[in-house]
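[1] I'd like to go over a predicted model; first the sequence, then the structure.
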Amino acid sequence: MGLCWSSSSDSLSTTTPSSTGNISSVGAYKSSNNTTTTGTSTGSNISSVFSAGSGDDVYPEGQILPIPNLRIFSLAELRASTRNFKSENVLGEGGFGKVFKGWLEEKVPGKQSNGTVIAVKKLNSESFQGYEEWQCEVNFLGRISHPNLVKLLGYCLEGDDLLLVYEFMQKGSLENHLFRKGSSVQPLSWEIRLRIAIGAAKGLAFLHASEKQVIYRDFKASNILLDASYNAKISDFGLAKLGPSASQSHITTRVMGTQGYAAPEYVATGHLYVKSDVYGFGVVLAEILTGLHALDPNRPSGQHNLTEWIKPHLFERRKLRSIIDPRLEGKYPFKSVFRVAHLALKCLGPEPKDRPSMKEVVEALELIEAANEKPLERRTTRTSTSVGHQQGHYRREHLSSFRPRQMEPRAR
């Protein structure tokens with residue numbers, strides 16, 4: 001289901017963890033210095049399964065550690081940091097459980113006490129999928145480091161309580177900024193949208209460039225988090241999979257993810273390609289352009305699925321203007337927008353082989369940004385009736401909560 005560190009299979013171990021900190025036969029265990037190291041009871045060399053490979057050459061700022069390096073928190077520590085998981089501290093909620101904002105006090109003898117803001121994900125212990133995704137996050141994010149991937153600081157495992165501790169992302173998710181209205185959420189400028197797209201693309205490219213390619217499998221706006229400077233970081237690796245071997249083009253797996261973002265070949269056959277992630281990136285580019293959800297049953301007939309609806313608009317300049325997010329108020333360089341739309345169309349290609357690699361996507365977006373075109377303000381701001389940007393359009397819809405016939409839903 002998730003990412004595996006065993007050399008014999010890419011399915012997660014279902015070994016039941018104990019309160020001492022053991023995760024699985026190839027997971028992490030508590031060492032005397034309160035960090036995690038990797039168990040080797042299977043005799044497999046984990047480094048040979050997943051190593052940086054060419055990734056270090058492409059993105060030298062990222063690295064993949066040979067063993068996890070995580071702090072093990074006590075439940076008491078996390079209760080204190082979140083004020084006993086008080087509802088006022090809830091940052092987000094989904095089928096996996098809740099995410100709380102916390103404050104971690106670091107007391108160093110002889111020095112002034114320092115504090116760190118953290119995000120604590122408290123998973124639903126009754127969900128087997130939640131347990132598997134918890135394992136996957138610990139075993140994977142504990143070893144990987146990149147500026148555009150959210151940093152996992154540690155975990156807690158006590159009895160039935162499963163918790164993950166992440167760095168805190170001040171600006172929340174891209175989804176919140178694109179689709180929510182109100183004084184607390186300001187519309188994103190075109191320059192910031194482009195910067196976010198580049199950051200997220202770099203994160204995916206780093207995963208794909210590793211020697212044993214990693215397929216993220218659930219790329220969507222809600223999984224792109226933003227720091228105080230709107231730098232994008234990909235979060236939530238619970239569905240990540242190790243990619244195909246050199247002799248294979250794809251892996252076959254049970255279809256999971258979020259409807260509207262999953263690539264058509266994956267939904268139809270269960271065949272998962274590295275470039276299945278590229279399709280999901282294309283969907284998010286479409287959302288960035290339009291300010292519209294990938295799926296919205298409240299839109300007029302024929303417009304429920306965003307990508308199916310707007311594809312004909314992406315390569316025609318006149319039609320493209322009619323679907324651009326009205327909250328941009330016409331303040332965008334149209335040539336830049338047109339190039340991004342053209343790139344989105346390539347990413348949404350019906351066949352994996354027709355889509356660009358994420359490395360190529362990064363290069364294309366950086367060239368667009370380097371053009372440094374200044375936004376043009378239109379004399380009048382028109383609202384196209386063809387788009388259907390109704391006032392209620394920006395409501396957040398938990399569209400992945402229903403169960404489509406072809407695929408299993410992923411809770412947000």
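    Nice, thanks for sending it over. All values derive from a computational prediction rather than experimental measurement. Numbering: from 1, shown residues only.
[2] where does this protein dip in pLDDT?
    Scanning the chain for pLDDT under 70 picks out the ranges 1-60, 95, 107-113, 125, 127-129, 181-184, 372-412.
[3] According to the record, where do the domains of it fall?
    28-167, 174-409 (automatic domain parsing).
[4] Make a markdown table from those domains and add mean neighbour count to it.
    Yep, even glycine has a C-beta here, placed from its N, CA and C like the rest. Below are the domains of the chain laid out as a markdown table (neighbours: other C-beta atoms under 10 Å):
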| stretch | mean neighbour count |
| --- | --- |
| domain 28-167 | 17 |
| domain 174-409 | 18 |
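[5] Name the secondary structure element that contains residue 225.
    According to DSSP states H and E, residue 225 maps onto strand 224-226.
[6] cool, and residue 163?
    Applying DSSP H and E, one finds residue 163 within strand 161-167.
[7] Please enumerate the helices of the chain.
    46-49, 55-58, 75-81, 128-141, 174-179, 190-209, 264-269, 276-290, 306-310, 317-321, 334-347, 358-370 (DSSP state H).
[8] out of those, which comes closest to residue 297?
    helix 306-310 (11.9 Å; C-beta to C-beta).
[9] Give me the contacts around the closest one.
    260, 282-283, 286-287, 290, 292-296, 299, 302-303, 323, 348 (C-beta atoms under 8 Å, 6 or more residues apart in numbering).
[10] repeat that for 6 Å
    283, 286, 292, 294, 303, 323, 348 (C-beta atoms under 6 Å, 6 or more residues apart in numbering).
[11] And stretch 227-238, by the same measure?
    Residues contacting stretch 227-238 (C-beta under 6 Å, 6+ apart): 2, 133, 136-137, 140-141, 148-150, 169-170, 192, 196, 199-200, 203, 223-225.
[12] Would you quantify the distance from the closest residue in space to residue 134 that isn't next to it in sequence to residue 132?
    Distance criterion C-beta to C-beta, 6 or more residues apart in numbering; nearest residue to residue 134, sequence neighbours excluded, is residue 162 at 4.7 Å. Applying C-beta to C-beta, to the nearest Å, the value for residue 162 to residue 132 is 11 Å.
[13] just residue 331 next, same as before
    Residue 331 is 45 Å from residue 132, by C-beta to C-beta.
[14] Same question for residue 160.
    Distance from residue 160 to residue 132, by C-beta to C-beta: 15 Å.
[15] What residues does residue 205 make contact with?
    358, 359, 362.
[16] same thing but 10 Å
    By C-beta atoms under 10 Å, 6 or more residues apart in numbering, residue 205 lies in contact with 55, 58-59, 62, 146, 148, 277, 281, 357-363.
[17] now swap in residue 169 and tell me
    91, 117, 119, 150-151, 224-228, 231-233, 235.
[18] In a markdown table, list the residues you listed along with distance to residue 268.
    Shown next, in a markdown table, are the contacts of residue 169 (distance: C-beta to C-beta, whole Å):
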| residue | distance to residue 268 |
| --- | --- |
| 91 | 35 |
| 117 | 43 |
| 119 | 36 |
| 150 | 31 |
| 151 | 36 |
| 224 | 26 |
| 225 | 31 |
| 226 | 33 |
| 227 | 37 |
| 228 | 41 |
| 231 | 35 |
| 232 | 30 |
| 233 | 31 |
| 235 | 28 |
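[19] ok, back up a step: from the contacts of residue 205, pick the one nearest residue 73.
    residue 146 (23.0 Å).
[20] so the closest one sits right up against residue 200, yeah?
    No. Applying C-beta atoms under 10 Å, one finds residue 146 not in contact with residue 200, separated by 11.6 Å.
[21] List every C-alpha atom in stretch 164-180, with coordinates, as PDB.
    Once non-C-alpha atoms are left out, stretch 164-180 reads as follows in PDB (Å, rounded to 0.1, in the frame of the first residue of the first chain):
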ATOM      1  CA  LEU A 164       3.800  12.300  13.700                       C
ATOM      2  CA  VAL A 165       5.600  15.600  14.300                       C
ATOM      3  CA  TYR A 166       6.400  18.000  11.400                       C
ATOM      4  CA  GLU A 167       7.800  21.400  10.900                       C
ATOM      5  CA  PHE A 168       5.100  24.000  11.100                       C
ATOM      6  CA  MET A 169       4.100  25.700   7.800                       C
ATOM      7  CA  GLN A 170       2.900  29.200   8.500                       C
ATOM      8  CA  LYS A 171       0.800  29.800   5.400                       C
ATOM      9  CA  GLY A 172      -1.100  26.500   5.400                       C
ATOM     10  CA  SER A 173      -2.000  24.700   2.200                       C
ATOM     11  CA  LEU A 174      -2.200  25.900  -1.400                       C
ATOM     12  CA  GLU A 175      -5.800  24.600  -1.400                       C
ATOM     13  CA  ASN A 176      -6.800  27.100   1.300                       C
ATOM     14  CA  HIS A 177      -5.400  30.000  -0.600                       C
ATOM     15  CA  LEU A 178      -6.900  29.000  -4.000                       C
ATOM     16  CA  PHE A 179     -10.400  28.100  -2.900                       C
ATOM     17  CA  ARG A 180     -11.200  29.800   0.400                       C
END
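[22] What does the closest residue to residue 79 other than its chain neighbours show for phi and psi?
    Leaving aside its chain neighbours, residue 79 sits nearest to residue 85 (6.8 Å; criterion: C-beta to C-beta, 6+ apart). Main-chain dihedrals, residue 85, degrees, to the nearest 10: phi 50, psi 50.
[23] Now do the contacts for residue 85.
    Counting by C-beta under 10 Å, 6+ apart, residue 85 has contacts 78, 79, 98, 100, 102, 120, 122, 163.
[24] so the fifth one sits right up against residue 90, yeah?
    No. Because the distance of 11.2 Å does not satisfy C-beta under 10 Å, residue 102 is recorded as not touching residue 90.
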